[in-house]
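Novice: The following comprises the amino acid sequence and a computationally predicted model.
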Amino acid sequence: MLGYLLRRVLSTIPVMALVALFVFSLLYIAPGDPAAVIAGEQASPEDVEKIRAALGLDRPFLVRFSEWSLAVLSSDLGISMFTGMPVTELIAQRIEPTLSLMVVTITLSVLLAVPIGVIAARKVDSWWDRTFMAFAVLGFSVPVFVVGYLLAYWFALELDWFPVQGYTPIAKGFWPWLQNLILPSIALGFVYIALIARITRATMLEVLSQDYVRTARAKGVAEGPILYLHALKNAAVPIVTVIGIGVALLIGGAVVTESVFAIPGLGRLTIDAIVRRDYPMIQGIVLMFSFVYVLVNLAVDLVYVVLDPRIRY
Amino acid sequence: MDRRGFLKFTAGAGTAVAAGGLAAPAIAQGSSRVLKFVPQSNLANFDPIWGTQYVVRNASQLVWDTLYGMDSKLVAKRQMVEGEEVSADGLTWTFKLRPGLKFHDGAPVLSRDVVASINRWSQRDPMGLMIRAVQKELSVVDDRSFKWVLSRPYPKMLLALGKVGTPCCFIMPERLANTDPFKQVTEYVGSGPMKFVRADWKPGAIAAFEKFADYVPRKEQAEWWSGGKVIHFDRIEWVIMPDPATASAALQSGEIDWWESPVPDLVPLLRRNRNVRLDIADPLGNIGAFRLNHLHPPFNDVRMRRAVQMALSQEDYMRAVVGSDDKLWKSIPGFFTPGTPLYTEAGGDILKGKRDFDKAKALLKDAGYSGQPVTCLVAQDQPALKAMGEVTADLLKRLGMNVDFVATDWGTVGQRRASRNPPGQGGWGMFHTWHAGADCATPVGNIAIRTSGEKAWFGWPDNAAVEKDIASWYNAKTLDEEKAIIDRVNRGGMEHVTYIPTGFYLAYQAWRASVSGVNNGPLPWFWNVKKA
């Protein structure tokens, strides 16, 4: 197991190197010019050229890539072209809001979706099942920003239960922190609740038709333990896989949610960097996200072992 | 329902609720000593000489003071300067600073700081470059005085030092001002009424400013950028909100106090909220522009350019940009800002009246147009430019032109428009942009009218006569003389079709009823604004 863990961690190095090369190359050939954006609308072409030279954008690809790679190896992701601040500092500023949003969203999604899926499977074809699955279809179909605006309208503007926008760091108190996150998490979690609920239902239906479940029932085991101790544990592997994928997908979904609720997270940082062609910033964020994806996949693989003792690495 | 429609619906619903008498949410109640302001865009950098975006200038005016400040009549008034003397031959300017000026680190503002700041600014600013071209000496006389010796008189000196257009001549400590103007400063020690709180700056999220207790405002009443800059807040927070529906809802709920640029779609809804006030943000507005590439076919032929000019309907463009609110736009048969002293319509008849497509098509035919594609660079992430681009595509097609519509983003337009290659080899035929009315009030900031060929702005129009007229304006001594010259510049530019104005348009700003003293002007001024 330890050997496997070590191999997986080491395997991230070539993956990250490939990602770095790919992103750097992509940005090099992509259209757009940060110097023109920095110089402003009234700038002369000569000024744009001088800014480009000052930023080092006129140097050859290999020179720029090798310099950047060496810096990354020493944990230096560079300086943002626009803010003049270190990329690591800018990412660090934004990690907490995005991480908070993801934790609350995933927690909320799992806590709601798994019981919904289990109940729907237990009461298959009942009105419970149909209602939940209709909700799931709705969850897949309605865009995040629509849910976000509706929630903001009802619960922030009309009922005055939550703020319309913004983020409060957890250091300023748990309730203020949570208060800012509830609406965005519901909006962002809508689709994940639907996804996890459907997967849970489908997997549970399969497991509930297994012989050992019938045997347990024949032995007089109560329905609760059958569902949650025996069946759910055996259905957990696909559910955990979907949750893992969901965590990765959340990063994309967070972009819209962070914009709708004005949360200063990594999603907005990414979009701002792309729009401005802030190359060091984009490269730093993509590298970080790639690392997170690798870690999430690793965590999911390790959870498989815990859930299913037959799995060995 | 599309996203825009949905945005209107939800924002409208919010307004309806608020207008219906709901109390301001308890969540939103804030201190009267803190102002929360949503700027037009993200404050991504904070060096007003290095980055000349308007949002950077707007934030910088809080932190760095200027030698002169523009009033609403576009006259440069003394600001950090106590007085100035100009020699009889107009060649030597001597300036004296006001006593008691301090930087935010407590150091006094000295002449050497001013000289260094002027040096840095003048390497980036078009007027500064002109002065440098005739500069013999810029030197310190004593701690409060400095002199500028020229080889030729420059009558627009005060206008250069007090102009609103970017980059402005902000005064920084010498150690900051010695930074290469093409590199960013790394600390933010100001000379203005507010201090920049670097520790609270999260680009893309928030920028904060705290009152500088040692700032000494002028005694005169504040007017635009001139007069006493009295700040009534301990702290001003710039909250970045990329989503207009969110900003609208936050304004209605009282979570923010002032929104610089509400989108036109939401204005009617905000207007119905009794807790929100609306007014025109900047009376000098913006001028939309159809920028043509003078280097390559088809627009290297003035007849082709004129054909488009005679068919172009500014009303079509303006309705696409600002919607149905007729207060927000007007036709502009010229290159200078309506309502300012130099505004003229001389030579602009071709943009007035019924559009003549038949005549335009005939002109294209005479010019030998044979289906060359017109590469239109259209930034999809800038609503006004996207709207104008769509009108242009329709216009050119109706003229029988072959449209190569390149839908892209502003960053790419910014890069590609600098290419002088033919359209098929990475170049372009036309793009849309806009020019701030404050910049277009005089030839100083109105770079789009320059026709200096390779040295001109993107599109590289070349017309020596227009250039000569523009140059003569800088030496004009009376307003009448200036007006006569500008008439010639406008007529010459229209005949040459340097670019085609697509109309003059305005925008609203919105603020909570509890906030008073909000001005309208080319940028949001925070002095004398109060919050109940």
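Specialist: Thanks, I have the structure now.

Novice: Show me what the lowest-mean-pLDDT helix or strand in chain A is packed against.
Specialist: Taking mean pLDDT, DSSP states H and E as the measure, chain A has helix A:34-39 as its least confident helix or strand, at a mean of 80. On a contact count with 3 or more CB pairs under 8 Å, 6 or more residues apart in numbering or on different chains; DSSP states H and E, helix A:34-39 meets helix A:45-54, helix B:410-416. (Each C-beta comes from the backbone N, C-alpha and C, glycine too.)

Novice: Within the sheet, what are the partner strands of the following helix or strand past the last one, with directions?
Specialist: If I follow you right, that is helix B:410-416. Per DSSP states H and E, the first helix or strand lying C-terminal to helix B:410-416 is strand B:430-436. Strand B:430-436 pairs in its sheet with strand B:286-292 (antiparallel), strand B:373-379 (parallel), by DSSP bridges.

Novice: hey, which of those is tucked in deepest?
Specialist: Comparing those by mean neighbour count (mean count of other CB atoms under 10 Å in any protein chain shown), strand B:286-292 comes out on top with a mean of 25.

Novice: could you give the mean pLDDT of that strand?
Specialist: The pLDDT scores in strand B:286-292 average 97.

Novice: just stretch B:164-176 next, same as before
Specialist: For stretch B:164-176, the per-residue pLDDT averages 94.

Novice: With stretch B:520-532 instead?
Specialist: For stretch B:520-532, the per-residue pLDDT averages 93.

Novice: Straight-line length of that stretch, end to end?
Specialist: One end of stretch B:520-532 sits 20 Å from the other (CA to CA, to the nearest Å).

Novice: Can you point out the buried residues in that stretch?
Specialist: Buried residues in stretch B:520-532, defined by neighbour count with 16 or more other CB atoms under 10 Å in any protein chain shown: B:Asn520, B:Gly521, B:Pro522, B:Leu523, B:Pro524, B:Trp525, B:Phe526, B:Trp527, B:Asn528, B:Val529, B:Lys531.

Novice: So what's the gap between it and the chain middle?
Specialist: 17 Å (CA atoms, centre = their mean, to the nearest Å).

Novice: count of residues packed around the one residue in the stretch 151-300 of chain A that gets nearest to chain B?
Specialist: Closest to chain B within the stretch 151-300 of chain A is A:Pro264: 3.0 Å, counting by CB to the nearest CB. Using other CB atoms under 10 Å in any protein chain shown, A:Pro264 has 22 other residues around it.

Novice: I figured it hits A:Leu90, correct?
Specialist: No: A:Pro264 lies out of contact with A:Leu90 (CB atoms under 8 Å); the separation is 10.6 Å.

Novice: what do the two both touch?
Specialist: Common contact partners of A:Pro264 and A:Leu90 (CB atoms under 8 Å, 6 or more residues apart in numbering or on different chains): none.

Novice: So which of the strands paired with strand B:430-436 is nearest B:Gly353?
Specialist: Minimum separation from B:Gly353 across the strands paired with strand B:430-436 (CB to CB) falls at strand B:286-292, 18.1 Å.

Novice: Only alpha carbons, please: show the closest one as CSV.
Specialist: Extracted as CSV, the C-alpha positions of strand B:286-292 are listed here (Å, rounded to 0.1, in the frame of the first residue of the first chain):
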residue,chain,number,x,y,z
ASN,B,286,-18.3,58.3,-25.0
ILE,B,287,-17.9,58.4,-28.8
GLY,B,288,-18.3,55.1,-30.6
ALA,B,289,-15.8,54.5,-33.4
PHE,B,290,-15.7,52.5,-36.6
ARG,B,291,-12.0,52.2,-37.1
LEU,B,292,-10.7,51.4,-40.6
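
Novice: Now tell me what touches the helix or strand that it is followed by from outside.
Specialist: As assigned by DSSP H and E, the chain's next helix or strand after strand B:286-292 is helix B:302-311. Applying CB under 8 Å, 6+ apart, the external contacts of helix B:302-311 come out as B:290, B:292, B:294, B:297-299, B:350-351, B:355-357, B:359-361, B:363-364, B:366-367, B:369, B:395-396, B:398-399, B:494, B:496-497, B:500.

Novice: just to revisit the earlier point, contacts for the least confident helix or strand of chain A?
Specialist: So helix A:34-39 is contacted by A:43, A:47-49, A:51-52, A:55, A:57, A:81-82, A:276-279, B:45, B:50-52, B:410-411, B:414-415, B:417-418 (CB under 8 Å, 6+ apart).

Novice: Need the distance between the two termini of stretch B:404-417.
Specialist: End to end - CA to CA - stretch B:404-417 spans 15 Å.

Novice: For that stretch, give me every contacting residue.
Specialist: Residues contacting stretch B:404-417 (CB under 8 Å, 6+ apart): A:31-34, A:36-37, A:275-277, B:291, B:373-382, B:385, B:389, B:393, B:423, B:426-429, B:431, B:458.

Novice: buried subset of the residues you listed?
Specialist: A:32-34, A:36-37, A:275-277, B:291, B:374-379, B:382, B:385, B:389, B:393, B:423, B:427-429, B:431, B:458.

Novice: Looking at the contacts of helix B:302-311, which are in helices?
Specialist: Within the contacts of helix B:302-311, residues falling in helices by DSSP state H are B:Phe357, B:Lys359, B:Ala360, B:Lys361, B:Leu363, B:Leu364, B:Asp366, B:Leu395, B:Leu396, B:Arg398, B:Met494, B:His496.

Novice: from the residues you listed, which two are the most distant?
Specialist: Every pair of those checked by CB to CB; the farthest is B:Arg398 and B:His496, at 24.1 Å.

Novice: out of the two, which sits in the more crowded spot?
Specialist: B:His496 (20 against 13).

Novice: pretty sure the more buried one contacts B:Val466?
Specialist: Yes: at 6.2 Å, B:His496 and B:Val466 qualify as touching, with contact defined as CB under 8 Å.

Novice: Show me the common contact partners of these two, please.
Specialist: Common neighbours of B:His496 and B:Val466 (criterion: CB under 8 Å, 6+ apart): B:Thr451.

Novice: rewinding a little: of the helices and strands packed on helix A:34-39, which is nearest B:Lys477?
Specialist: Of the helices and strands packed on helix A:34-39, nearest to B:Lys477 by CB to CB is helix A:45-54, at 30.7 Å.

Novice: in that closest one, what counts as buried?
Specialist: Result for helix A:45-54 [16+ other CB under 10 Å]: buried residues A:Pro45, A:Asp47, A:Val48, A:Glu49, A:Lys50, A:Ile51, A:Arg52, A:Ala54.

Novice: Same question for stretch A:77-89.
Specialist: Neighbour count says stretch A:77-89 has A:Leu77, A:Gly78, A:Ile79, A:Ser80, A:Met81, A:Phe82, A:Thr83, A:Gly84, A:Met85, A:Pro86, A:Val87 buried, by 16+ other CB under 10 Å.

Novice: returning to that earlier point: output the strands paired with strand B:430-436 as TSV; include the columns distance to B:Ala88.
Specialist: Below are these laid out as TSV (distance: least, CB to CB, whole Å):
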stretch	distance to B:Ala88
strand B:286-292	39
strand B:373-379	51
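
Novice: Please identify the buried residues of the helix or strand containing A:Gln179?
Specialist: Element membership for A:Gln179, per DSSP H and E: helix A:174-208. Buried residues in helix A:174-208, defined by neighbour count with 16+ other CB under 10 Å: A:176-177, A:179-205, A:207-208.

Novice: now swap in stretch B:98-118 and tell me
Specialist: So for stretch B:98-118, counting by 16+ other CB under 10 Å, buried means B:98, B:101, B:103-104, B:109-111, B:113-118.
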